[in-house]
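Asker: Pasted the sequence and its predicted model underneath.
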Amino acid sequence: MEAPSNQIKKLIDQGRYFEAQSKATALLAETSDTYVKQLYALALYKSGSPEDALTIIEPIYKQFPNDSESAGILGGICKELFKKNQVTSFAIRSRDTYLSNFNATKSFYTGINAASMSAMAGQAGRSREIAAEVITLLDENSDDFWVQATLGEAYLLTKNKIKASEFYVKARRLVGNDWGKVTSVHNQLWLLNHFLQVPTDIMKLFSPPAIVAFVGHMIDHPNRSEPRFPASIEQKIKEAIVHSIRSLNAHIGYCSLACGGDILFAEAMAEQGGEVTIFLPFDKLDFIKTSVAFAGENWIDRFNALLERFPVNYVTNEVYNGLDELFSFQSRIIFGAAVLRGKYSHTEPSLLTVLSDVDLKRKEGGTRATVNMWPFQNKVVNVNPDIFVANKVIHSPVAANAQSPSKISDRAILYLTYIDLSASLAIDLDKVKNKFEQLRNPDQISLLQIENGNILIASESEAMVIEIVRYYAKYKESLRVKNSTRISLHAGPVNYHINDNVLTRAGTTLELVKELQASVTPGSIVVSDYFANLLTLDQSAISLDYGGVFIPADESRKVTVYKVHFL
């Protein structure tokens, strides 16, 4: 049987930081093993809790100052705290930790980090000294990407811009389209550029990949009376999409996979060597039935080929059942995913659309509303199918979906928060319950339910849920037990029936928000990736820290989790 510490390490390697924390906490109740404590600190740090991680790793590092594992974790934590708070003492502490290990081990990793942190701490002379020593340890002819990138950074710190450029060019050639490594170097250069001048040509060399979200019309349904995207213009639309991708220099795309614009975009990205993340709003077979099959077997084959090539995310694994809101919800998630990806590489993504200009100019309608959700209106490129349709005549739009099953009653997209107050005193629980009842808007909140010291709020208003959580984040400071609360947020379709203020037949959306809350450390507010995407679109006074990956009990998908901080 695999050792528990190895199980925790494997969870960390998989990005499942919350689960690693939970297992480490349970194991530390039985043992005081140093390695388990290190893993616990690493999981906390990686999940966006560097302050908590610091309290765990500090005593270990003091006891074992020459241990590379502890030094690497502590140095990274202090670096993260410096980036977060801009307090110079954290930069110096990070540098000292890395430097101490470098002196003991001569590891170029801790050496280059010590040199960079010296520069960020305003100690340029010390930075040059350490960087010069790092250079002597490395083989300039190595084919290792990180060796070449480290040489580039070391020469940059010694102010030898010519040599820095030489090695960064070598590193860039080695890395190819490994966008994770490209973005890693870019983010380090972006940070260093705040403390020393990084040449523009080097910054451009590691420019992060251009990101593009896509939405577009489907191929015209056979029952459509007015042509908008007839099959006859498919090739012309494809050529226009390819041209737009090249003009944007797009390498990363986010889209759905309906026949027509979606599939053409994904195919074009694949032909250009790009990566695509696909979102489907509901069950695969149901999606084929509603949004692909009517265009013919050829489109189904192309759909399946793309699913085999690129990762797919389901907004829900449930069937469609006439809930049209799933399509607009999916579009918001696609938009938010692109914006969130750009946020972590300090770039603004573009929106590429294939939408009828006639539809876009209407004062109301789904097409116009969809585009208006995009937060960067100056970065929208549209391929207008109208110009390829002969004798275009303006009529009222006809729905393009196939015949839809009748809609289930009491089914909607709900925004959920689950607040753990089980450790609170009864008097505090009553206070919170009464306050939430005051905030409750019957027109926006479908449910406010209390069970075993947990409060579930389900609303058709995303803003209302956020406002309640924001209020509670401040209000909890007045409670007697301040840091025990765990809060989770998730959104998705819910088949709900409310009897005596109790939600029944809720399905996987409710199950996930409860599982997510139970998995996190006390004092945390976490959101699922889909809710995080929506928050990113809102551009409100909220910051999100990557928290890792969570796999629910049904293993339906990997849920990326973020920690929420109200600004």
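Answerer: Right, received. Where do you want to start?
Asker: Identify the bridge partners of Leu489.
Answerer: Thr417, Val527 (DSSP bridges).
Asker: Show the pLDDT at it.
Answerer: You'll see Leu489 listed with a pLDDT of 94.
Asker: Contact partners for it?
Answerer: Taking CB atoms under 8 Å, 6 or more residues apart in numbering, we find Leu489 in contact with 415-418, 465, 469, 513, 525-528, 531, 564. Heads up, the C-betas are built off the backbone N, CA and C, glycines and all.
Asker: what residues are up against Ile288?
Answerer: By CB under 8 Å, 6+ apart, the residues touching Ile288 are 300, 303.
Asker: For Gly322, see how far away it is.
Answerer: 16 Å (CB to CB, to the nearest Å).
Asker: coming back round to it: of the contacts of Leu489, buried ones?
Answerer: 415-418, 465, 469, 513, 525-528, 531, 564 (16 or more other CB atoms under 10 Å).
Asker: Output those in JSON lines; the columns should cover pLDDT.
Answerer: Converted to JSON lines, these look like this (pLDDT from 0 to 100):
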{"residue": "Tyr415", "pLDDT": "92"}
{"residue": "Leu416", "pLDDT": "92"}
{"residue": "Thr417", "pLDDT": "91"}
{"residue": "Tyr418", "pLDDT": "91"}
{"residue": "Val465", "pLDDT": "87"}
{"residue": "Val469", "pLDDT": "85"}
{"residue": "Val513", "pLDDT": "91"}
{"residue": "Ile525", "pLDDT": "89"}
{"residue": "Val526", "pLDDT": "91"}
{"residue": "Val527", "pLDDT": "93"}
{"residue": "Ser528", "pLDDT": "94"}
{"residue": "Phe531", "pLDDT": "93"}
{"residue": "Val564", "pLDDT": "88"}
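Asker: hey, what's Asn382 bridged with?
Answerer: Thr353.
Asker: my read: it touches Ser356, true?
Answerer: No: proximity of Asn382 to Ser356 does not meet the contact threshold set by CB atoms under 8 Å, at 9.3 Å.
Asker: what about the two, which has more around it?
Answerer: Between Asn382 and Ser356, counting by other CB atoms under 10 Å, Ser356 is the more crowded of the two (23 against 17).
Asker: Angles on the backbone of the more buried one, please.
Answerer: phi -60, psi 130 (degrees, to the nearest 10).
Asker: residues in contact with it?
Answerer: Per CB under 8 Å, 6+ apart, neighbours of Ser356: 217, 228-229, 367, 384-386.
Asker: Report the separation between it and Ala268.
Answerer: From Ser356 to Ala268 the distance is 20 Å (CB to CB).
Asker: And Phe279, by the same measure?
Answerer: Counting by CB to CB, the gap from Phe279 to Ala268 is 17 Å.
Asker: Please apply the same query to Phe282.
Answerer: Taken as CB to CB, the span from Phe282 to Ala268 is 25 Å.
Asker: Mind checking which of those two has more residues around it?
Answerer: Ala268 (25 against 22).
Asker: Need the pLDDT of Leu425.
Answerer: Leu425 carries a pLDDT value of 60.
Asker: now the one 5 residues further on
Answerer: The predicted local distance difference test score for Asp430 is 71.
Asker: Shouldn't Lys289 be within a helix?
Answerer: Yes: assigned with DSSP: H, G, I helix; E, B strand; the rest coil, Lys289 falls within a helix.
Asker: From Tyr320, how far out is it?
Answerer: In terms of CB to CB, Lys289 sits 8 Å off from Tyr320.
Asker: Neighbour count for the two, which is higher?
Answerer: In this view Lys289 and Tyr320 are compared by other CB under 10 Å, and Tyr320 has more residues nearby, 22 against 18.
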